[in-house]
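# Could you work out the structure for the sequence below:
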Amino acid sequence: MVSVDRATASPGMARPGQQVMLGVDYTILTPDNRPVSATLMREVRYGGNLVGSPYETTVTNTNGSYNDSVTYSLPNNATPGVYTVVTRLTSNYGTSQRDASFTVQ
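The predicted structure follows:
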(Lines give C-alpha, C1' and ligand atoms only; values in the text may rest on other atoms or scores of the structure.)
Protein backbone atom coordinates (compact mmCIF):
# COMPACT_ATOMS: atom_id res chain seq x y z
CA MET A 1 0.00 0.00 0.00
CA VAL A 2 1.09 3.54 -0.73
CA SER A 3 -0.81 6.49 0.68
CA VAL A 4 -0.49 10.26 0.41
CA ASP A 5 -1.62 11.15 3.92
CA ARG A 6 -1.39 14.93 3.61
CA ALA A 7 -0.47 17.49 0.95
CA THR A 8 0.25 21.12 1.84
CA ALA A 9 1.05 24.43 0.18
CA SER A 10 2.50 27.20 2.35
CA PRO A 11 1.90 30.07 2.53
CA GLY A 12 -1.76 29.79 1.62
CA MET A 13 -1.71 33.33 0.17
CA ALA A 14 1.15 34.31 -2.17
CA ARG A 15 2.13 37.02 -4.63
CA PRO A 16 3.55 36.63 -8.15
CA GLY A 17 7.29 35.87 -7.98
CA GLN A 18 7.04 34.48 -4.43
CA GLN A 19 8.02 30.95 -3.40
CA VAL A 20 5.51 28.40 -2.13
CA MET A 21 6.60 25.34 -0.13
CA LEU A 22 4.88 22.18 -1.38
CA GLY A 23 4.88 19.47 1.29
CA VAL A 24 3.69 15.88 1.45
CA ASP A 25 3.40 13.24 4.18
CA TYR A 26 3.11 9.71 2.84
CA THR A 27 3.10 6.10 3.99
CA ILE A 28 4.49 2.95 2.37
CA LEU A 29 3.46 -0.48 3.68
CA THR A 30 4.39 -3.78 2.00
CA PRO A 31 3.92 -7.38 3.15
CA ASP A 32 7.65 -8.12 3.33
CA ASN A 33 9.04 -4.68 4.35
CA ARG A 34 11.46 -4.65 1.43
CA PRO A 35 12.55 -1.26 0.05
CA VAL A 36 10.03 -0.05 -2.52
CA SER A 37 10.74 2.35 -5.35
CA ALA A 38 7.96 4.92 -5.81
CA THR A 39 7.50 8.04 -7.91
CA LEU A 40 6.44 11.20 -6.14
CA MET A 41 4.99 13.87 -8.44
CA ARG A 42 3.57 17.35 -7.89
CA GLU A 43 1.72 19.39 -10.48
CA VAL A 44 0.66 23.01 -10.01
CA ARG A 45 -2.55 23.79 -11.90
CA TYR A 46 -4.59 26.92 -12.50
CA GLY A 47 -8.02 26.58 -14.08
CA GLY A 48 -7.20 22.92 -14.77
CA ASN A 49 -4.10 23.84 -16.82
CA LEU A 50 -0.57 22.87 -15.84
CA VAL A 51 1.58 25.82 -14.70
CA GLY A 52 5.28 25.22 -15.33
CA SER A 53 6.86 21.78 -15.22
CA PRO A 54 5.77 19.03 -12.81
CA TYR A 55 8.21 18.16 -10.03
CA GLU A 56 9.00 14.45 -10.07
CA THR A 57 11.37 12.36 -7.98
CA THR A 58 11.89 8.68 -7.25
CA VAL A 59 12.10 7.57 -3.63
CA THR A 60 13.08 4.17 -2.26
CA ASN A 61 11.78 3.41 1.23
CA THR A 62 10.90 0.51 3.52
CA ASN A 63 7.65 0.41 5.51
CA GLY A 64 6.96 3.66 7.32
CA SER A 65 5.78 7.24 7.12
CA TYR A 66 7.85 9.86 5.33
CA ASN A 67 7.72 13.49 4.30
CA ASP A 68 9.11 15.49 1.43
CA SER A 69 9.00 19.14 0.47
CA VAL A 70 10.03 21.26 -2.49
CA THR A 71 9.99 24.97 -3.18
CA TYR A 72 7.90 26.20 -6.10
CA SER A 73 8.64 29.66 -7.50
CA LEU A 74 5.59 31.43 -8.85
CA PRO A 75 6.13 33.17 -12.18
CA ASN A 76 6.34 36.97 -11.96
CA ASN A 77 3.26 37.15 -14.19
CA ALA A 78 1.18 34.59 -12.24
CA THR A 79 -2.54 35.21 -12.67
CA PRO A 80 -4.39 36.00 -9.42
CA GLY A 81 -6.67 33.19 -8.24
CA VAL A 82 -6.71 29.75 -6.66
CA TYR A 83 -4.02 27.27 -7.71
CA THR A 84 -4.30 23.54 -7.09
CA VAL A 85 -1.29 21.35 -6.23
CA VAL A 86 -1.87 17.73 -7.30
CA THR A 87 0.42 15.41 -5.31
CA ARG A 88 0.62 11.79 -6.50
CA LEU A 89 2.59 8.77 -5.21
CA THR A 90 2.86 5.76 -7.54
CA SER A 91 4.51 2.36 -7.07
CA ASN A 92 3.95 -1.28 -8.00
CA TYR A 93 1.67 -1.39 -4.93
CA GLY A 94 -0.71 1.28 -6.22
CA THR A 95 -1.28 5.01 -6.56
CA SER A 96 -2.48 7.61 -4.09
CA GLN A 97 -3.26 11.28 -4.67
CA ARG A 98 -4.21 14.34 -2.62
CA ASP A 99 -4.71 17.94 -3.59
CA ALA A 100 -3.76 21.16 -1.79
CA SER A 101 -4.30 24.75 -2.85
CA PHE A 102 -2.96 28.26 -2.47
CA THR A 103 -4.17 31.64 -3.65
CA VAL A 104 -2.21 34.17 -5.68
CA GLN A 105 -3.16 37.76 -4.85
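# In space, what's closest to T8 - neighbours in sequence excluded?
G23 (4.2 Å; C-beta to C-beta, 6 or more residues apart in numbering). In this view, the C-beta of every residue, glycine as well, is placed from N, C-alpha and C.
# should've said Y66
Y26 (5.7 Å).
# The helix or strand hosting the residue nearest to T8 - contacts with which helices or strands?
G23 is located in strand 19-28, with elements delineated by DSSP states H and E. Under the contact criterion of 3 or more C-beta pairs under 8 Å, 6 or more residues apart in numbering; DSSP states H and E, strand 19-28 touches strand 2-10, strand 36-46, strand 64-73, strand 81-91, strand 94-104.
# Now the phi/psi pair for the residue nearest to Q18 when sequence neighbours are not counted, please.
Sequence neighbours aside, L74 is the residue nearest to Q18 in space, at 5.5 Å (criterion: C-beta to C-beta, 6+ apart). The phi and psi values for L74, taken as degrees, to the nearest 10, are phi -70, psi 140.
# Kindly report the same for L29.
Dihedral angles for L29 - degrees, to the nearest 10 - are phi -130, psi 130.
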